[in-house]
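K.L.:
model this:
(4 chains, ligands or ions: 4)
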Amino acid sequence: MEIPYTVKPRPDTGLYNAKLGIWLFLASEVMLFGGLFSAYILLRVSSDLWPHGMVSIPVGTFNTFVLIASSVTVVMSWASLKLGKLSAFKGYMAATIVCALGFLGVKSFEYYAKFTHYDVWFKDEATAKKYFTAAYGEKGEEATRKLFVERFHLHNTKATYDANQIQLTGHLFGNPMFATLKKLTSAKQETIQFTPDAPFGTHDHPKAIEVKLSDVQRLSAYVPAHSTYFAIYFTITALHGLHVLGGAIVLAYFLFTADHWWKKSPEQMANRVEVGGLFWHFVDLVWIFLFPIIYLL
Amino acid sequence: MSHDHSHSHGPGEACDHGHDDHNSPEYIHKTIRKYLKVGGILFAGTILTVAMYYVHIPSVAATIAIALLIATVKAAFVAGVFMHLSDERKMIYSILLCTVCFLISLMGLTLWAMNDFPFFTLVDGKPF
Amino acid sequence: MQATKTTHTEPAHSHEHHDPGFLRSYVFSTDHKVIGIQYGFTALAFLFFGFLLMICMRWQMAKPGEAMPIVGKLLESLLGEVAKGGIISPDLYNAFGAMHGTIMVFLAIVPLAFAAFGNYVVPLQIGAVDMAFPRLNMVSYQCFAVGGVIMFVSFFIPGGAAQAGWTSYSPLATVIPTQGQTFWILGMVFLITSSLLGAVNFIATVIQLRAPGMTWMRLPFFTWVQFVTAFILLLAFPPLEAASVLQLMDKVFGSSFFLPTGLVISGKPYDISGGGSPLLWQHLFWFLGHPEVYVLILPAMGVVAEVIACNTRKPLWGYKSLVYSVLAVGFISFIVWAHHMYLTGMGTKISTFFQTTTMIISIPSVIILTCLFMSLWGGSIRFNTPMLFALAFLPMFGIGGLTGLPLGFNFSDLHLHDSYYVIAHFHYVVAPGTIFALFAGVYFWYPKMTGRYMSETLGKIHFWGSLIAMNLVFMPMFFQGLYGMSRRMSDGGATYALANPANEGVVTALTQTVMKLNVFVTHAAFLLLIAQIPFIINVFMSMFNGKKVENDNPWDATTLDWQTPTPPPHGNFTKEIIVYRGPYEYSVPGHPTDFTPQNMPDPKPAK
Amino acid sequence: MQPNPTFLEQLKQGFMPILASEHGKDVDYFILIIHWLMAVLFIGWMAYFFYALFRFRKSAHPKADYVGAKGTLANNAEIAVVIIEAVLLVAFAIPLWAKAVEKYPKEEDATVMRLVAEQFSWQARYSGKDGKFGKQELKLVSEKNPLGYVESDKAGDDDRLSPPKDIHVPLIPVKVKGDDGKERDSFKPVIVHLTTKDVIHCFKVAAMRMTQDCMPGMSIPVHFTPTKVGKFNITCAQLCGGGHASMSALFVVDSPEEYDKWLAEKAKGVKEIVALE
Ligand code: HEA
Ligand code: HEA
Ligand code: CUA
Ligand SMILES: [Cu+2]
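P.N.:
Ligands and ions are numbered 1, 2, ... in the order given. Alright, predicted model coming up:
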């Protein structure tokens, strides 16, 4: 028993099975990411304040380049196969996988930076001001306010800020990941050592200050629980990252079984690479939208 | 849903020519040049978007519109050239057309529904 | 580069030539028929399980606060606290309710109607050797099984299964402290993945593997319906997957996608960032939820059409209208979803839009039913068991569909929303509707699967028992709903009953009559349970001592699924299949028999 | 004595609960005509169905026709369904909904309350004489101060809070201008601003033919005009947790005197509540 059209296209549709299959799958992926993008738009439109510049643009740009490069190499690897150049195929495919790993490496570095970066909100305005001065000296309130304005691009919108909402941003002593107020208090800690970020527009290194946990209203690392911005950032990029990982595994499989398939059925092999490539381009395509909406806008 | 009634191609005719064309080394070499060009365009597009961010266009709406426009153009190149969509079968077009319709209705109607409340639903920004 | 290397491919396929062994042929099979049967039995088991959950709930509604005899003890020992003293606590009731809905929809009807029948019948009907991606097909079943196991296991974790209804509205789903909801989400992710793989496979199969001559307008209606259903699954499920992921994030990582600012749970401000939207979940859920109900009904319509065409011995009336209506239903089903959300505070404009589309989508449904009704005219009707079930489907679906209309207008929904009227509406569609159609399918294709008929006597007992009991169960719910009884009440509405002293002087309290109907319905549900016994006996006994079929085409049917050996071997067909005509050429004037199979060549010297 | 009608008696009333609101008449009428339409369709098709089954049974009609029915009847039936649905939609549902749901009476002319749902109770706030509601802060929510009153806001001084699950409104006769411009007798409408502290609940008063979800994070107003004094059930119609089934409350329409008495005796002033702390 042989299933027809696994290699040759069916004449009336002009497609071989796997190509149709992958496009159907991609259609469902469009709806999957479409659902997530809808969530993004909705949350953003209905929020009063949406932060900007929370993630590093140069890093994001670099990763964009990496993915674009991998898209080029994967299509080149397919073209090489079509031209009958097995070793060129292997080279391009290896490059693609290196790009994929590079992308994931950069991404995990970015994640780590976020997981150890904290915002602290205080009980009330007076307490907050006290800590602002402790962190940035006399002009402390002004400095935090500037950071806040910058974060929410308030110079661009009519929205104003609420002194209660302003937070202090920085790192905890020992650079722990995922600390929360609950965890800290249940660890019988009463104060934390908090190193605030540099004031807006400078590269100063403010000294660590001591913050009483009883003054703190909320403390959160840059994790999904921090805000809907980070929630959507992590969800979409993590899901995208999983796609990159999955794609890389499949492509690596093609690479390592290349000799075997080349002997067995070069035409089918080219088909498989084409199909894998289609998936890979799709992953790139999602990133093309992700990059501006998450890093830039 | 999608279906084409055309059965103009009998088994093993017409389409196979097309197929052979697409497999000829000259054709592949031509496409390779195209791929590299598109790669260049994608790099350029990215740089453009990022540059725009640093330029600080005063209108938020304009920034969003331009960034999304560039992204769409880039996406169109990836889909059209890398994914061979510019030269694909009718069947795939019809599938994608359905998908896009539903995607638009998902986003559009949801947004519309969330913005069509007949009243102010918040009192002083707070629900009480 | 031409693939003249078939000799090389031989070894890879050599396992087909010797005995593949038990595991390969029954557990890890890639044969669409085996997978279909796996799906079928698993789904039937879940259907039964879902029914048993409901039996417990119905019992509790009839006797709120009382311990359940025998079963209560069992539940207490299995589940502990929540079934203390054999009483189904409100939490357990909610868990059973949510799981009844989830299991019935995602683990019973979809796998049975779409995956089981679709897998078994579609490749046969289009003259294909198997599905386009047999291994994907196996993986699809395995994902389904994993999802099912996760759902099942969730009953036994501390705190129990999901309790926020099959709709899992946030914030409730998120703030309930048990992990049941997490299991539900994970289970759903597997089920969705399974459905997506299945859908890709079905569509590719129908597009690519049709036998020569099987043009689109020669496809049997059942295949058409499965094709459209697959598209619905393919494109409607992913947004729910997205929503599930977001809810998982809320549940596990403390984000606030569906949680607004300022929640106060049990008197304490809830420690979250806020900024999310509960309505977002509803939109994403119902974007799937509504198309999903057509996933439940379309395959049923397909089965009914096959059975009716065969047993009236005449072509289906209006084959083309049927096909176009199904395509229309499939398309429009994506833009009506918010009729489940009229009372979330929608404005007039948007609700007018959704009302209009809701009314529009009922029109193709009317056309489909009309075509099926008209198909009876001029037939020579054989009343065998599959036909009885198929015929009963028509008025039952009619009742269910018609009662969708008052729900579809937001102005009447104002009174009917979330009442038992809704419960009655959709159960008429899915229970005596879809389930009957699926029963018809089982009785109809059983001879092809096993080579033996099911017993007609047991079948008729099953039919009449089920028909009567189903109506006794669901008809009273319309009245309860009209009177204002709400759904999802763990005490069956006793809080609102006149008998409750707190309702002294309350003029709209539920009357004794309404409350007595609860007990009545529960009795009827037990009757329905008893009526299934002949069916279960029939399914298992007939495998061994059912009447053997006389030939490969016991019902004298025309479609290709009957032109195979019985049961069909691996690879399905023993001869080459070429299709010459449409699917329902019954009683063709001048033809010697009253059926002309699709693959029978035209007599040579015609014209 | 409470009414406890038999099945048949209830059937005669269309199996609908007692009606006590103005727009409810339209709801009932609309539901009735849809059901008539459904009945006609259903009976028509069933008559055809059984006739066809009987006439074309195998023993009576051993040889099927290849062609079968001509379609005129079916087509006409389908067209009729389309037209009727269109009429129902355009002539009834849309305008009635617009009127009942969107056309708000002025707040001055109505009894206004804010109804706050929580697991598993309902509490109403009345604005008192000044017609203004005092501020509330979520941060202040505690057992004693369930709605988080801000003590310093003077507008809230005369606000009153109903006991849990006991909500009253007065039935005050007024003259209103009808659609035709003529004055007619009616009653003072009620506006209820609905919200919830925790999960989604649903405010359903069957006697008023009113159902509306309470969404967390939103305040959604509904309005209706009660026409009868009496005690009615408020049902929570949205699954909200273990106590959902028992989240009932009383919606009581009082005569004006009774209402004032209730407000003075049963409802608590803000001052009293916050002072308890
Ligand atoms: C298979 C399942 C299925 C099907 C097919 C339908 C079909 C329809 N449904 Fe239903 N529905 C559900 C399953 C289904 N529904 C479920 C599960 C829910 C509840 C979900 C939840 O909240 O948990 C629900 C809830 C639901 C609501 C929300 C109610 C509420 O919560 O307030 C609405 C509102 O518009 C609605 C409308 C409709 C309409 C207009 C149709 C139309 O498509 C119907 C069209 C059909 C007809 C019009 C009949 C045509 C036939 C004839 C005219 C011939 C007559 C012949 C005879 C009678 C013999 N449905
Ligand atoms: C496809 C969907 C489906 C099906 C088929 C059913 C079938 C049934 N349902 Fe259910 N139901 C839902 C979907 C479904 N339900 C949903 C979505 C809800 C809402 C949940 C929520 O609130 O979130 C609901 C809620 C619901 C309620 C309301 C609960 C409440 O609001 O508190 C009730 C009450 O009576 C009920 C009853 C029944 C009954 C008596 C059946 C019967 O018809 C069952 C009949 C079953 C059989 C006849 C089984 C036959 C099978 C066999 C005999 C197996 C044989 C096995 C082998 C041969 C191996 N259902
Ligand atoms: Cu509150 Cu149900
Ligand atoms: Cu629906």
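K.L.:
show me where the stretch 1-150 of chain A has helices.
P.N.:
Using DSSP state H, counting those that start in this stretch, the helices of the stretch 1-150 of chain A run over residues A:17-46, A:57-82, A:86-115, A:125-136, A:140-151.
K.L.:
stretch C:331-347 near ligand 1 anywhere?
P.N.:
Yes. Using C-beta under 6 Å from any ligand atom, stretch C:331-347 reaches ligand 1 at C:339, C:340. For the C-beta atoms, the positions are set from N, CA and C on the backbone; glycine is no exception.
K.L.:
and the gap between residue C:213 and residue C:576?
P.N.:
11 Å (C-beta to C-beta, to the nearest Å).
K.L.:
out of these two, which sits in the busier spot?
P.N.:
A count of neighbours by other C-beta atoms under 10 Å in any protein chain shown puts residue C:213 above the other of residue C:213 and residue C:576, at 15 against 9.
K.L.:
may I ask which helix or strand encompasses that one?
P.N.:
Assessed by DSSP states H and E, residue C:213 sits outside every helix and strand.
K.L.:
these two touch, right, it and residue C:579?
P.N.:
Yes. Judged on C-beta atoms under 8 Å, residue C:213 makes contact with residue C:579 at a distance of 3.5 Å.
K.L.:
tilt between the lengthiest helix in chain B and helix A:57-82?
P.N.:
Once chain B is assigned using DSSP state H, the helix that runs over the most residues is helix B:25-55. Interaxial angle, helix B:25-55 versus helix A:57-82 (axes from the mean of the first three to the mean of the last three C-alpha atoms, to 10 degrees): 180 degrees.
K.L.:
helix B:25-55 near chain C at all?
P.N.:
No. Applying C-beta under 8 Å from any C-beta of the partner chain, one finds that helix B:25-55 is not in contact with chain C, the shortest distance being 11.1 Å.
K.L.:
does any part of the helix or strand following that helix sit near chain A?
P.N.:
Sequence order places helix B:60-77 as the next helix or strand after helix B:25-55, per DSSP H and E. Yes. Contact of helix B:60-77 with chain A (C-beta under 8 Å from any C-beta) involves B:60, B:63, B:64, B:67, B:68, B:70, B:71, B:74, B:75.
K.L.:
the helices of the stretch 1-150 of chain A: which one's closest to ligand 2?
P.N.:
helix A:17-46 (21.6 Å; C-beta to the nearest ligand atom).
K.L.:
show me what that closest one is packed up against.
P.N.:
helix A:228-256, helix A:266-290, helix B:90-115, helix C:180-208, helix C:221-253, helix C:278-312 (3 or more C-beta pairs under 8 Å, 6 or more residues apart in numbering or on different chains; DSSP states H and E).
K.L.:
list the buried residues in the second one.
P.N.:
Buried residues in helix A:266-290, counting neighbours by 16 or more other C-beta atoms under 10 Å in any protein chain shown, are found at A:266-290.
K.L.:
before we move on, what about the fifth one?
P.N.:
Neighbour-count burial for helix C:221-253, with 16+ other C-beta under 10 Å as criterion, is recorded at C:221-251.
K.L.:
give me every residue that touches residue C:298.
P.N.:
Contacts for residue C:298 (C-beta atoms under 8 Å, 6 or more residues apart in numbering or on different chains) come out as C:225, C:228, C:229, C:232, C:326, C:329, C:330.
K.L.:
between the residues of helix B:60-77 next to chain A, which has the most around it?
P.N.:
residue B:74 (28 neighbours).
K.L.:
that one touches residue B:42, doesn't it?
P.N.:
Yes. Between residue B:74 and residue B:42 there is a contact under C-beta under 8 Å: 5.5 Å.
K.L.:
which neighbours do the two share?
P.N.:
Common neighbours of residue B:74 and residue B:42 (C-beta under 8 Å, 6+ apart) are residue A:288.
K.L.:
mind splitting chain B into its structural domains?
P.N.:
B:23-83, B:88-114 (automatic domain parsing).
K.L.:
deepest-packed of those domains, please.
P.N.:
Highest mean neighbour count of the domains of chain B: domain B:88-114, a mean of 18 (counted as mean count of other C-beta atoms under 10 Å in any protein chain shown).
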